[in-house]
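Participant: model the structure of this input:
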Amino acid sequence: MTNLEITGVFIENVGVLTPGTFKFDIDSFSFKGDRGKKSVKVQTHDIDEVRFQKLGNKPGIRFALLDGGAHRFGGFKDTDLENIKEFVKTHWQMEIHNTELFIKGWNYGQANVKGKNIEFAWENTPIFEIPCTNVSQCVANKNEAVLEFHQNENSQVSLMEMRFHMPVDPDDEDEIDKVEEFKKAVLAYAGLEAETEQPITLLSDILCTTPRGRYEIKVYPTSIALHGKTYDYKIPVKTINRLFLVPHKDGRHVYFVLSLNPPIRQGQTRYSYLVFEFLKEDEQDLELAITE
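Facilitator: Numbering: from 1, shown residues only. So this is what the prediction gives:
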């Protein structure tokens, strides 16, 4: 048997379970969603380990990748697991181990970034994990890390926000700032700080009246990155619907307004419009990092 195909399997994507067909081959695995909704293919040389781990209330498989990412699939039958284990051992020369989740319902444990995922665990037994790419915002607020998440329009129930309280020892002067370190680790893989390409242009200390704050703005070909003292945003250009120039009532200022869909979030508040304020008489020369 050079391949193994299983139907009725699903993959989770930001709260939505997409059904499809899973296939094991000699040098890869693949998933093809019903009606072409989602497809995944990974070569075996990119796989670090394979584990059986429940997804929802169904038997599932978790593939940990060498680059720190992971793929999780559920909906398998108990009778599938032995066939999968035998196939992987024979053709991939890999053993599949079981991972039992901690399901006592406790709300305390250890929150760490492992690979490209946020893992919440109790004494090394995982409780849940969330891909860092699901995070739209991470804010360090004293002893608390506040996470906000991207929304999937096709999901009836969405995870909006999560808060981790990380107590510190007031007597330990050398203790690192755990909240800030956690924030940096999350943002490194969330795509909010992973701006490796050169921006087209940079605007410094720009006043935003809604939501209130001053931001450094980096303009990229497909996105706009806003870096503030507390909040950072990465706005895809495709989510900008319209641009407005609106006069200020004092006659000296002008508002530059971006209409967004979907809106950005700050706490429980959604902002469908970003409002920047400028002096009408101000002029600034910008260097554009583009070719003619």
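Participant: what packs against the longest helix seen in the chain?
Facilitator: Once the chain is assigned using DSSP state H, the helix that runs over the most residues is helix 178-190. Using 3 or more Cβ pairs under 8 Å, 6 or more residues apart in numbering; DSSP states H and E as the contact criterion, the elements in contact with helix 178-190 are strand 110-114, strand 135-141, strand 144-149. All C-beta spots, glycine's among them, are computed from the backbone N, C-alpha and C.
Participant: what are the buried residues along that helix?
Facilitator: By neighbour count on 16 or more other Cβ atoms under 10 Å, the buried set for helix 178-190 is Lys178, Val179, Phe182, Lys183, Ala185, Val186, Leu187, Tyr189, Ala190.
Participant: centre-most residue in this structure?
Facilitator: Central residue of the chain (Cα atoms, centre = their mean): Thr133, 1.8 Å from the mean position.
Participant: please report phi then psi for it.
Facilitator: Listed backbone geometry of Thr133 is phi -70, psi -10, with angles given as degrees, to the nearest 10.
Participant: could you list every residue that touches it?
Facilitator: Remark: with contacts taken as Cβ atoms under 8 Å, 6 or more residues apart in numbering, Thr133 is in contact with Lys116, Tyr189, Ala190, Gly191.
Participant: again, only this time at 7 Å
Facilitator: Contact criterion Cβ atoms under 7 Å, 6 or more residues apart in numbering gives Tyr189, Ala190, Gly191 as the residues in contact with Thr133.
Participant: the second one and Leu4: what is the separation?
Facilitator: The one in question is Ala190. Here the criterion is Cβ to Cβ, to the nearest Å. By it, Ala190 lies 34 Å from Leu4.
Participant: any idea how far the helix or strand following the longest helix of the chain is from the chain center?
Facilitator: On the C-terminal side of helix 178-190, the closest following helix or strand by DSSP states H and E is strand 201-210. A distance of 25 Å separates the C-alpha centroid of strand 201-210 from that of its chain, computed with Cα atoms, centre = their mean, to the nearest Å.
Participant: name the strands paired with strand 201-210 and say parallel or antiparallel.
Facilitator: Strand 201-210 pairs in its sheet with strand 212-219 (antiparallel), strand 269-279 (antiparallel), by DSSP bridges.
Participant: right, so of the ones you listed, which gets closest to Phe22?
Facilitator: When the strands paired with strand 201-210 are compared for distance to Phe22 using Cβ to Cβ, the nearest one is strand 269-279, at 36.8 Å.
Participant: what residues sit buried inside the closest one?
Facilitator: Of the residues in strand 269-279, those buried under the neighbour-count criterion (16+ other Cβ under 10 Å) are Tyr271, Tyr273, Leu274, Val275, Phe276.
Participant: so for these, which is the shakiest by pLDDT?
Facilitator: Lowest-confidence member of the buried residues of strand 269-279: Tyr271, scoring 93 (pLDDT).
Participant: part of a helix, is Gln151?
Facilitator: No - under DSSP: H, G, I helix; E, B strand; the rest coil, Gln151 sits outside any helix and is assigned coil.
Participant: hmm, Val157 and it touching each other?
Facilitator: No - the pair formed by Gln151 and Val157 falls short of the contact definition of Cβ atoms under 7 Å, at 10.7 Å.
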